[in-house]
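[1] got a structure for you, letters missing:
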């Protein structure tokens, strides 16, 4: 943490250290209403509700309506409206996952307003600003970091003869070995995954500085991708040993760890509010560093997900931008409340000064999980996600099914490489 803070000390010095307004941004004076689309009531929507309360203290005349939509539904609605060139049905503010940002900004360049005049880019983690920047204009107010951790049930570990220390800085192979012993002792599976969502494998390779594309964010990187091959092999090994619970939707995933079907949750830190929903498990959880792959450049830090807020270019855009600028864009006290009230970590650098990062979380046995996540986030390999993440992942979902069915991984990956090249070049 000290090393990271020193790195950004210059930025922190110029950052807003209170709830002051961003200079030069006009306040909303007339009665107005804005609409926001987001997903996850325990995380993004809860954060928006807290932001609305903060903003209303100085701007009581603005009505903020927050509408919950599944992320896939948001994507579909955005594409339908934007491809038709009609924004009337769209909200003033929309939450978009960082993996998808460039594809929207590239395909619909005039649909969003740039936010250079509302927030300071240097106040946010650079990788978040990069995700929404096109030709020196950035279009988002960054929100959460997707820094990952391995959430573990300490009571189940102890029942199998392990301690939390045994899971510090381990590899995925070592996790599998521990998982087999836990399964033998308790009958529980290690983790849960949707076979149509490769987020886990994506985070495995992200921690090794690898992606579905090369550094240009465009050229498919599959056939010779050592990290991706290892991720597939690791998952298949755990799957065949019955260490994987298969779920098909968000609710089933939550049920798997809230009800004790699995004893680990390898996820981004945004899952914390959902983990703590099982009040009867308080004191029985801990978070340890991300297991690393056994390839060159692998680390114990990765990213999974993360999203930012975008303002639609329509009536009300100024009020929407002002709302974001004076909450997610500049308010340290607000970010402190996000940590203490819901366990949400933003990427607003001045907020790292907040005492909230030193909070000992009772649910996690008094562990300072926010400080740990902040330290791990400083080590995440920086990647260009490009615009084809999910197009290539659709190909890799089919590839995983072929591999689990007994196919040769080298041939499967070569075929996937060829398919990706043909599909993305047309």
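    Good, I have the coordinates. In this text the structure is predicted, and so the values were computed from the model without any measurement.
[2] who touches the strand or helix carrying residue 66?
    Secondary-structure assignment from DSSP states H and E places residue 66 in strand 62-68. The contact list for strand 62-68 (C-beta atoms under 8 Å, 6 or more residues apart in numbering) reads 28, 31-39, 41, 45, 48-49, 52, 55-56, 91, 319, 323. For glycine as for every other residue, the C-beta is placed from the backbone atoms N, C-alpha and C.
[3] Please check these and keep the buried ones.
    Neighbour counting over the contacts of strand 62-68 (16 or more other C-beta atoms under 10 Å) leaves 28, 32, 34-39, 45, 48, 52, 55, 91, 319, 323 as the buried ones.
[4] Now for the spatially closest residue to residue 334 that is not a sequence neighbour: which residues touch it?
    In space, and not counting its chain neighbours, residue 334 is closest to residue 54: 5.1 Å by C-beta to C-beta, 6 or more residues apart in numbering. Taking C-beta under 8 Å, 6+ apart as the contact definition, residue 54 lies against 19, 326, 327, 331, 333, 334.
[5] swap the cut-off to 10 Å and go again
    For residue 54, the contacting residues are 19, 323, 326, 327, 328, 331, 333, 334, 337, by C-beta atoms under 10 Å, 6 or more residues apart in numbering.
[6] A PyMOL selection for those residues, restricted to the buried ones, would help me check which they are.
    Selecting only the buried members of those in PyMOL, with burial defined as 16+ other C-beta under 10 Å, works like this:
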select buried, resi 323+326+327+328+331+334+337
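[7] and which of the contacts of residue 54 is nearest residue 231?
    Proximity of the contacts of residue 54 to residue 231 was ranked by C-beta to C-beta; the top entry is residue 328 with 32.7 Å.
[8] Please look at the closest one and residue 309 and confirm they touch.
    Yes: taking contacts as C-beta atoms under 10 Å, residue 328 lies within contact range of residue 309: 6.4 Å.
[9] anything in contact with each of the two?
    Among the neighbours of residue 328, those also in contact with residue 309 (C-beta under 10 Å, 6+ apart) are 48, 51, 140, 141, 142, 143.
[10] and the residue lying closest to the first one once chain neighbours are set aside, how many residues sit next to it?
    Closest residue to residue 48 apart from its sequence neighbours, by C-beta to C-beta, 6+ apart: residue 66 at 5.0 Å. The criterion is other C-beta atoms under 10 Å. On that basis, residue 66 has 19 neighbouring residues.
[11] Now do the same for residue 66: its pLDDT.
    Looking at residue 66, its pLDDT is 98.
[12] same check, this time on residue 215
    Looking at residue 215 specifically, the model assigns a pLDDT of 89.
[13] Which strand residues bridge the residue nearest to residue 48?
    Beta-bridge partners of residue 66, counted by DSSP bridges, are residue 36.
[14] domain assignment for the chain?
    As given by the TED database, the domain ranges for the chain are 32-145+306-351, 147-303+383-425.
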